[in-house]
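Colleague: below: sequence and its predicted model.
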Amino acid sequence: MQLSYFYQKFKTLLIALITLLLCIIMVISISIFLLDYQKPAGLPSVDYKGSLVLNDVNIVNVNDGQIIKNQQLVIKDGLIVDIKQAGSKVTNAAKVIDGAGMYVSPGLFDMHVHVYDRKHLTLNLAYGVTSVRNMNGKKMHLRWRDELDDEQWLGSNLHVSSPILAGKGTHALNQEVLSVEQARVEVQQANMHGYDFIKVYGYHSAEIFEGIIDEANKIGIAVAKHGPHPAKGSNWSYIKGLQSLEHVEDIFQGPLNYQFDQETMQAVAINIKQSGVPVVPTLETFDHLTQLSNGKQTFIDSLAIEYLNPLYFDIESHFTVSRWLQDNPQQSQYHLEKQQILFKIVKALSDQQVRLLVGSDAGTMYTVPGIATHNEMNLMQRAGLSNEEVLRAATINAAQALNIDKAYGSINVGKVADLVLVEQNPLNRIEVLRTPNAVVKHGQFLDKEQLEQLKREAKNTESYYWSVIGLLEDLLTRFLFH
């Protein structure tokens, strides 16, 4: 009798647990379905139709470092259709903006970011960063890119990598690749799902790394590689033709073997130059951890963390930031010394005329979109690059790396009107780009008040719930339905 009683209790509990589990699965499934329709409030609308004239502006020519003074930019349906002398006659239908002698730069690119919220794309725009390249793609990024392309809301152009193809033991946010056969399939899958390029880590075996490159070349999809050097056991021929090489810190850890040597560094720089592949230094992310290590909570208190997505803020807090906050004084001092070495590496690459790209690694730790881009530009300047070199790295070099320089990256007739307007010449003071007076996105003029509104709205990020659902969608897509 007693056994029957406990059996009935167990059966009731089991049914309740199964019912609860089925309800949770149903709620998650419905929520994932609704991700295609759910958007946070406060996304700016698209309104660029018609003609816009920017009169009396000075054009920054990033191709030759010259300023073309007293010009008039004529923009129609998002494109630059004419460049004339200031004061030229305009059609009555055009919206005319008096530039009052402001300087116009091409919109900025950040070529290495981790976007975790739609509002990060509007925040980038508020800082003049009109294009970003996301370096660990998920299904949500493809959705956001399609929304932008369909003009559902206004934000920075989004270029989306595949999920990171990593080696054995990687964390759940990356795609583990354990064989050459799987490597080829992952490249094919990424291409089929519509990712713009492949992101690959550098610690694969030579066979797997070369299989990824070979399959990507066969299909015709670009590859960005973590680490500006070949995978161990591979050679420099497999670097040629890549879209970019990421993180100069990896040069210090790899070819330099944690010791800066000018002769060795020059040999590495020459190899990279001969490969023709641009390098994204990502100095900002190392500077960030250095300041976390040295400044601890005082540094955190100085950051605009209210812009960070709450879920990924927690993930970074527990799995990344906490590590650097525990550093002792000796470790903190080491980071400061290592940073000076990274500056030397960037300067050595510049001296060899390696093409450099601005990429902040925004999204890592507590780095804030838009702000991080300008921090990266400042750090490149501290490494010894001229303002002109830094601006090229943030504009035309990036467009060339993405093979879209016919439409982006400089101010020419026929190109997309993605522009930044500032009061002073950025070739003299690159930092003026941090506080634009106006931004033009695909022909849509955003004045200073509208940019401030974008910043205010950017604090209203995706809710914790929907962020978790987006993460579950990625995990389920890759691990259950891959």
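Modeller: Received it, and whenever you're ready, just let me know what you need. Numbering: from 1, shown residues only.
Colleague: avg pLDDT for the helix or strand containing residue 439?
Modeller: Applying DSSP states H and E as the criterion places residue 439 in strand 438-441. Summarised as a single mean, pLDDT over strand 438-441 is 98.
Colleague: contacts only, for the most centrally placed residue in the chain.
Modeller: Among the residues of the chain, the smallest C-alpha distance to the mean C-alpha position (CA atoms, centre = their mean) belongs to residue 113, namely 2.4 Å. Contacts for residue 113 were tallied using CB atoms under 8 Å, 6 or more residues apart in numbering; they are 120, 124, 132-135, 359-363, 369, 372. Placement of C-beta: from N, CA and C, glycine included.
Colleague: among these, which are in strands?
Modeller: Applying DSSP state E to these, the entries found in strands are 132, 133, 134.
Colleague: which of those ranks first by neighbour count?
Modeller: Per-residue neighbour counts (other CB atoms under 10 Å) across the ones in strands among the contacts of residue 113 peak at residue 132, which has 32 neighbours.
Colleague: surely it and residue 155 touch.
Modeller: No - the pair residue 132 / residue 155 is not scored as a contact, 9.2 Å apart, by CB atoms under 8 Å.
Colleague: which neighbours do those two share?
Modeller: Here residue 132 and residue 155 share the contacting residues 121, 124, scored by CB under 8 Å, 6+ apart.
Colleague: between the contacts of residue 113, which is closest to residue 451?
Modeller: For those, the closest approach to residue 451 (CB to CB) belongs to residue 124, at 11.3 Å.
Colleague: near the closest one, how many other residues are there?
Modeller: A count of nearby residues for residue 124, using other CB under 10 Å, gives 30.
Colleague: likewise for residue 429?
Modeller: Applying other CB under 10 Å, we find 12 residues neighbouring residue 429.
Colleague: in the helix or strand hosting residue 378, what's buried?
Modeller: For residue 378, the element it lies in under DSSP H and E is helix 371-382. Buried positions in helix 371-382, judged by neighbour count with 16 or more other CB atoms under 10 Å: 371, 372, 373, 374, 375, 376, 377, 378, 379, 380.
Colleague: now do that helix: which elements does it pack against?
Modeller: Taking 3 or more CB pairs under 8 Å, 6 or more residues apart in numbering; DSSP states H and E as contact, the helices and strands that helix 371-382 lies on are strand 108-113, helix 283-295, helix 329-351, helix 387-393.
Colleague: and the angle from the first one to helix 283-295?
Modeller: It stands for strand 108-113. Angle, strand 108-113 to helix 283-295, by axes from the mean of the first three to the mean of the last three CA atoms, to 10 degrees: 70 degrees.
Colleague: where does this protein dip in pLDDT?
Modeller: Applying pLDDT under 70 to the chain flags the ranges 1-3, 5-16, 19-25, 27-29, 31-37, 480-482.
Colleague: tell me which residues in stretch 387-404 are buried?
Modeller: Applying 16+ other CB under 10 Å to stretch 387-404 flags 387-402, 404 as buried.
Colleague: meant to ask about stretch 292-299, not that
Modeller: Neighbour-count burial for stretch 292-299 flags 292, 293, 294, 299 (criterion: 16+ other CB under 10 Å).
Colleague: distance to residue 463 for the residues you listed - can I get that in JSON lines?
Modeller: What follows is those, written out as JSON lines (distance: CB to CB, whole Å):
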{"residue": "292", "distance to residue 463": "27"}
{"residue": "293", "distance to residue 463": "32"}
{"residue": "294", "distance to residue 463": "34"}
{"residue": "299", "distance to residue 463": "28"}
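Colleague: tell me the two of these that are most distant?
Modeller: When the buried residues of stretch 292-299 are compared pair by pair using CB to CB, the farthest-apart members prove to be 293 and 299, with a separation of 8.9 Å.
Colleague: just send the contacts of residue 113 back as CSV, with distance to residue 459 too.
Modeller: Conversion of the contacts of residue 113 to CSV gives the following (distance: CB to CB, whole Å):
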residue, distance to residue 459
120, 12
124, 14
132, 19
133, 24
134, 21
135, 24
359, 25
360, 20
361, 22
362, 16
363, 16
369, 12
372, 16
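Colleague: of these, closest to residue 74?
Modeller: For the contacts of residue 113, the minimum distance to residue 74 (CB to CB) is 26.4 Å, reached by residue 124.
Colleague: how far away is the closest one from residue 435?
Modeller: Here the distance between residue 124 and residue 435 works out to 14 Å (CB to CB, to the nearest Å).
Colleague: please apply the same query to residue 121.
Modeller: Remark: distance between residue 121 and residue 435 (CB to CB) = 19 Å.
Colleague: ok, residue 390 next?
Modeller: 16 Å.
Colleague: where along the stretch 101-250 of the chain do the helices fall?
Modeller: For the stretch 101-250 of the chain, the helices defined by DSSP state H, counting those that start in this stretch cover 118-126, 139-149, 180-193, 206-219, 249-253.
Colleague: next, the angle helix 118-126 makes with the second one.
Modeller: Yep, that's helix 139-149 we're talking about. 50 degrees.
Colleague: cool, thanks, signing off.
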